[in-house]
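In: Fold the following for me, if possible:
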Amino acid sequence: SNSMKSCFKNANPYRSFLNSLNIMGQVMGREPIMQSLYLWIRTFFQNNLLNWVGDRVEMAHSIESRQPYLDHHLFNLVK
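Out: Below you'll find the model as predicted:
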């Protein structure tokens, strides 16, 4: 409907998402490779992990697997 379109016509979900990451606070003073890895992990990796090696591909081929933990708190606890 037109009222719905008018509510979201100026919305920019990509900008909202990027603003929520505190990018400058996380990448300032770090090596360029670390900056790149941070951005890749926060924006691309998490959202596509299940598509590449997760449910869609595996279930399409009847394969059972376990995904890696992405929670750094859990990783630090068990390492």
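In: check which helix or strand covers residue 5.
Out: Mapping residue 5 onto the secondary structure by DSSP states H and E places it in helix 2-8.
In: who does that helix touch, helix- and strand-wise?
Out: Packed against helix 2-8 by the contact rule (3 or more Cβ pairs under 8 Å, 6 or more residues apart in numbering; DSSP states H and E) you find no helix or strand. (Glycine included, C-beta is placed from N, CA and C.)
In: Just checking the distance from it to the centre of its chain.
Out: 28 Å (Cα atoms, centre = their mean, to the nearest Å).
In: Now the element after it, going C-ward?
Out: Immediately after helix 2-8, counting by DSSP H and E, sits helix 13-19.
In: Give me the mean pLDDT for that next one.
Out: The average pLDDT within helix 13-19 is 83.
In: so how far is that helix off the chain centroid?
Out: Worked out by Cα atoms, centre = their mean, helix 13-19 lies 12 Å from the chain centre.
In: what residues does it touch?
Out: With contacts defined as Cβ atoms under 8 Å, 6 or more residues apart in numbering, helix 13-19 is touched by residue 43.
In: show me where pLDDT drops low in the chain?
Out: 1, 47, 50, 53-55, 66-70, 79 (pLDDT under 70).
In: Where do the helices of it begin and end?
Out: Secondary structure of the chain (DSSP state H): helices at 2-8, 13-19, 23-27, 32-40, 46-53, 55-60, 72-78.
In: Let me have the ones you listed in TSV, extended by mean neighbour count.
Out: Converted to TSV, the helices of the chain look like this (neighbours: other Cβ atoms under 10 Å):
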stretch	mean neighbour count
helix 2-8	8
helix 13-19	10
helix 23-27	12
helix 32-40	12
helix 46-53	11
helix 55-60	11
helix 72-78	8
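In: Using PDB, write out every CA atom in the helix holding residue 5.
Out: The C-alpha coordinates for helix 2-8 follow below in PDB (Å, rounded to 0.1, in the frame of the first residue of the first chain):
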ATOM      1  CA  ASN A   2       1.000   3.600  -0.400                       C
ATOM      2  CA  SER A   3       1.100   4.200   3.300                       C
ATOM      3  CA  MET A   4       3.600   1.400   3.800                       C
ATOM      4  CA  LYS A   5       5.800   2.700   1.000                       C
ATOM      5  CA  SER A   6       5.800   6.200   2.400                       C
ATOM      6  CA  CYS A   7       6.900   4.800   5.800                       C
ATOM      7  CA  PHE A   8      10.000   3.100   4.300                       C
END
